[in-house]
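Participant: sequence? don't have it. structure:
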Ligand code: 13P
């Protein structure tokens with residue numbers, strides 16, 4: 001296969017009717033935080049057990065087309081000795097890899113951040129590909145305050161995302177481009193809308209400059225939401241309308257799929273909001289799908305709590321969230337499909 005055929009085949013496998021992506025790519029500090037909440041130590045074996053539990057969940061491939069792994073997981077094995085990327089692939093779930101190295105303060109733009117990890121990226125990607133990864137993910141974050149994101153922050157983050165995406169395509173890996181406008185703060189939904197539009201326009205301008213092929217990438221944005229501490233609480237329909245309005249203004253139709261992050265929404269909110277988009281906009285130019293971490297994994301962690309005897313129930317909790325989001329992807333989710341307990 002040529003590089004182009006490889007990219008096309010990966011896109012065809014990832015963009016699949018009624019399926020989405022699981023982000024299971026928490027960095028070491030983030031997974032430690034998630035484990036701490038259930039009283040579990042974050043060591044290599046516990047991380048392996050947790051991720052292996054998810055990837056071996058029977059039937060998970062009915063709802064997921066891809067999984068984003070953390071570097072460590074790419075080299076780990078399930079209990080029967082099968083490498084975890086192969087476990088995923090056997091379920092029909094394409095393995096991918098988070099390749100950024102986290103954020104740092106952006107000089108001369110107080111409050112803004114920029115993501116690190118471009119140096120040596122091409123070489124790292126060759127290694128990940130040899131381990132089975134077919135796509136990659138890189139996240140830039142944009143905090144909202146009165147002065148953030150600054151225009152410098154917006155420009156620099158866009159350039160970094162575009163450089164990453166270009167390097168991925170050069171190496172035959174599909175890039176997931178993730179600009180996350182953060183939920184923290186008391187900003188209004190209108191402000192989030194303005195910031196998200198500015199950010200996305202800058203990102204696509206930079207992708208164009210860096211000659212990234214839009215047909216061979218996925219966008220992973222945040223939804224347009226009022227800040228966590230804003231007194232106005234928006235409903236699903238309002239969120240869906242505002243989010244798709246912003247996307248229509250800024251995301252070219254050549255992009256095959258928009259796979260949202262959950263960003264601190266509850267599992268039910270993330271599902272209901274995705275569903276509303278698919279109900280209201282069945283003919284949007286791109287697929288409207290999911291690439292959730294917390295909104296898929298929270299019930300799994302709460303059920304598992306690090307105990308072997310809970311593995312099966314935790315796997316069922318994951319498949320249920322997968323099923324509900326797969327329904328939302330088709331606009332067929334209803335709140336009464338949620339478990340009652
Ligand atoms: P959340 O769905 O928890 O926001 O995570 C998505 C993700 O991949 C963060 O980079």
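Facilitator: Now that the structure is in, tell me what you want to look at. The shown structure was predicted, so the numbers you read here are calculated from the model rather than taken from an experiment.

Participant: anything in stretch 248-263 near the ligand?
Facilitator: Yes: residues of stretch 248-263 contacting the ligand under CB under 6 Å from any ligand atom: 261-263. All C-beta spots, glycine's among them, are computed from the backbone N, C-alpha and C.

Participant: show me the contacts for the most centrally placed residue in the chain.
Facilitator: By CA atoms, centre = their mean, the chain has its centre lying nearest to residue 291, at 3.8 Å. If you count contacts by CB atoms under 8 Å, 6 or more residues apart in numbering, residue 291 has them with 20-23, 66, 68, 176, 218, 220, 259-261.

Participant: returning to that earlier point: most neighbours, which of the residues of stretch 248-263 next to the ligand?
Facilitator: Using other CB atoms under 10 Å as the neighbour test, the residues of stretch 248-263 next to the ligand are led by residue 262, with 26 neighbours.

Participant: Distance-wise, check residue 292 relative to the ligand.
Facilitator: Using CB to the nearest ligand atom, to the nearest Å, residue 292 is found at 4 Å from the ligand.

Participant: Do I have it right that that residue meets residue 268?
Facilitator: No: using CB atoms under 8 Å, residue 292 is not in contact with residue 268, being 12.0 Å away.

Participant: Comparing these two, which shows the higher neighbour count?
Facilitator: A count of neighbours by other CB under 10 Å puts residue 292 above the other of residue 292 and residue 268, at 27 against 14.

Participant: Give me the pLDDT for the residue nearest to the more buried one when sequence neighbours are not counted.
Facilitator: On the basis of CB to CB, 6 or more residues apart in numbering, the spatially nearest residue to residue 292 that is not a chain neighbour turns out to be residue 262, at 4.2 Å. Note for residue 262: predicted pLDDT of 98.

Participant: Enumerate every residue touching residue 262.
Facilitator: Neighbouring residues of residue 262 by CB under 8 Å, 6+ apart: 270, 290, 292-296.

Participant: check contacts around the residue in the stretch 1-150 of the chain positioned nearest to the ligand.
Facilitator: Residue nearest to the ligand within the stretch 1-150 of the chain: residue 23 (3.4 Å; CB to the nearest ligand atom). Residue 23 makes contact with 67-68, 98, 137, 261, 291-293, 296, according to CB under 8 Å, 6+ apart.

Participant: What are the contacting residues of stretch 83-93?
Facilitator: Residues contacting stretch 83-93 (CB under 8 Å, 6+ apart): 22, 48, 51-52, 55-56, 60-61, 64-67, 69, 73-78, 82, 94-95, 131-133.

Participant: Likewise for stretch 271-285?
Facilitator: Counting by CB under 8 Å, 6+ apart, 223, 236-237, 239-241, 243-244, 247-248, 253, 260, 265, 288-290, 295, 321, 324-325, 327-333, 335 sit against stretch 271-285.

Participant: could you flag which of those residues are buried?
Facilitator: Neighbour counting over the contacts of stretch 271-285 (16 or more other CB atoms under 10 Å) leaves 223, 236, 239-241, 243-244, 247, 260, 265, 288-290, 295, 321, 324-325, 327-329, 331, 333 as the buried ones.

Participant: I appreciate the help and will end here.
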